[in-house]
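Student: Starting from these lines, generate the structure:
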Amino acid sequence: MTQPLTVYVVDDHPVVRAGLRALLADQPDINVVGEQSTAVAAIAELATLLPAVVITDIHLPDRSGVEVCRAAKLLLRAPRVILLSAFWNEPLVAEAFAAGADGYLLKHAERFDIVNAVRAVARGEKVVDPELLPSLLPRGATSPSRAAAARLTDRERQLLALIARGYTNPMIAQELYLSPHTVKEYVSRVLEKVGASNRTELIVRAMESGLIDIAQAPASGGGSIPPIGG
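Tutor: This is a model prediction of the structure:
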């Protein structure tokens, strides 16, 4: 029998913690192993509990959730970390991902799908609220045109779909029965055609332009939380 995913919750609002615990505890494959209201207390417990996923509010009474993320990523068995925020803040988004965050979600009731987000980051994917996608693009960047999309071959579209699911080059090679060298060349061509400098930018641009169907993304659970390649 597969062991359930262990999750740890950090939020200074008791009602929010109770809500998250209730939502996650209702899932047979998820087990909430602990919770705290402050960053310092959470960091002290994480080294002992070693959860697979940490969900933390970005704003805590003593320190930032980003600091919880940094501390968690230093553990020998570093967990995946999802940061939550009540509002959009571009500098915090950049700081969060620079600290190693695996997800950043806004607390929108209509699309706040934390269950699928937990499962997605546990698979090695990254999740981000669609509202934050433009902030991940470099300043002045634009989405690829339909002409750029038309230049992608069927094989390149296959490759793009796998990158969006978090596949590494060796995994893509195995999936498509290609050599690692060939995969590397394909990735370079797709980056060039879409006008992206790295995989994250590639997926952001592809989602914004419709090259990747957000509604069919593995972690979305209805199109709300698309995964992006890390």
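Student: Now the residue lying closest to Arg155 once chain neighbours are set aside: which helix or strand?
Tutor: Spatially, and ignoring its direct neighbours in sequence, Arg155 is nearest to Tyr186 (7.0 Å; C-beta to C-beta, 6 or more residues apart in numbering). Where you see a C-beta, it was placed from the backbone N, CA and C, and this is true even at glycine. Element membership for Tyr186 (DSSP states H and E) is helix 180-194.
Student: So which elements touch the following helix or strand past that helix?
Tutor: Toward the C-terminus, helix 180-194 is succeeded by helix 199-209 as the next helix or strand (DSSP H and E). With contacts defined as 3 or more C-beta pairs under 8 Å, 6 or more residues apart in numbering; DSSP states H and E, the packing partners of helix 199-209 are helix 146-150, helix 154-164, helix 180-194, strand 227-228.
Student: what comes up buried for the helix holding Tyr186?
Tutor: Buried residues in helix 180-194, counted by 16 or more other C-beta atoms under 10 Å: 183, 186-187, 189-191, 193-194.
Student: Stretch 101-108 now?
Tutor: For stretch 101-108, by 16+ other C-beta under 10 Å, it's 101-106.
Student: Would you mind writing the CA trace of that stretch as CSV?
Tutor: Below are the C-alpha coordinates for stretch 101-108, written out as CSV (Å, rounded to 0.1, in the frame of the first residue of the first chain):
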residue,chain,number,x,y,z
ALA,A,101,9.4,27.5,-3.7
ASP,A,102,7.5,24.8,-5.6
GLY,A,103,4.2,26.7,-5.7
TYR,A,104,2.7,30.1,-5.2
LEU,A,105,-1.1,30.4,-5.0
LEU,A,106,-3.5,33.2,-4.3
LYS,A,107,-6.4,32.5,-1.9
HIS,A,108,-9.1,32.9,-4.5
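Student: avg pLDDT for it?
Tutor: Throughout stretch 101-108, pLDDT has a mean value of 83.
Student: For this structure, which segments count as helices?
Tutor: 14-25, 39-49, 65-73, 90-98, 114-122, 146-150, 154-164, 169-176, 180-194, 199-209 (DSSP state H).
Student: Any idea which of the ones you listed has the lowest pLDDT on average?
Tutor: helix 146-150 (a mean of 56).
Student: Could you pull up the residues touching the closest residue to Ser197 other than its chain neighbours?
Tutor: Take Ser197 and drop its neighbours on the chain: the residue closest to it by C-beta to C-beta, 6+ apart is Leu191, 7.1 Å away. Residues counted as contacts of Leu191 (C-beta atoms under 8 Å, 6 or more residues apart in numbering) are 197-198, 202.
Student: before we move on, what about Leu24?
Tutor: Taking C-beta under 8 Å, 6+ apart, one finds 7, 9, 30, 32, 114-115, 118 in contact with Leu24.
Student: cool, and Ala99?
Tutor: 66, 69-70, 73 are the contacts of Ala99 under C-beta under 8 Å, 6+ apart.
Student: Repeat the analysis, applying 10 Å as the threshold.
Tutor: Ala99 makes contact with 64-73, 81, 83, according to C-beta atoms under 10 Å, 6 or more residues apart in numbering.
Student: Narrow the residues you listed to those that are buried.
Tutor: The buried subset of the contacts of Ala99 (16+ other C-beta under 10 Å) comprises 64-73, 81, 83.
Student: Would you point out the most distant pair within these?
Tutor: Largest separation among the buried ones among the contacts of Ala99 by C-beta to C-beta: Ser64 and Lys73, giving 14.1 Å.
Student: Pretty sure Asp11 sits against Glu35.
Tutor: Yes - Asp11 lies in contact with Glu35 (C-beta atoms under 10 Å); the separation is 7.7 Å.
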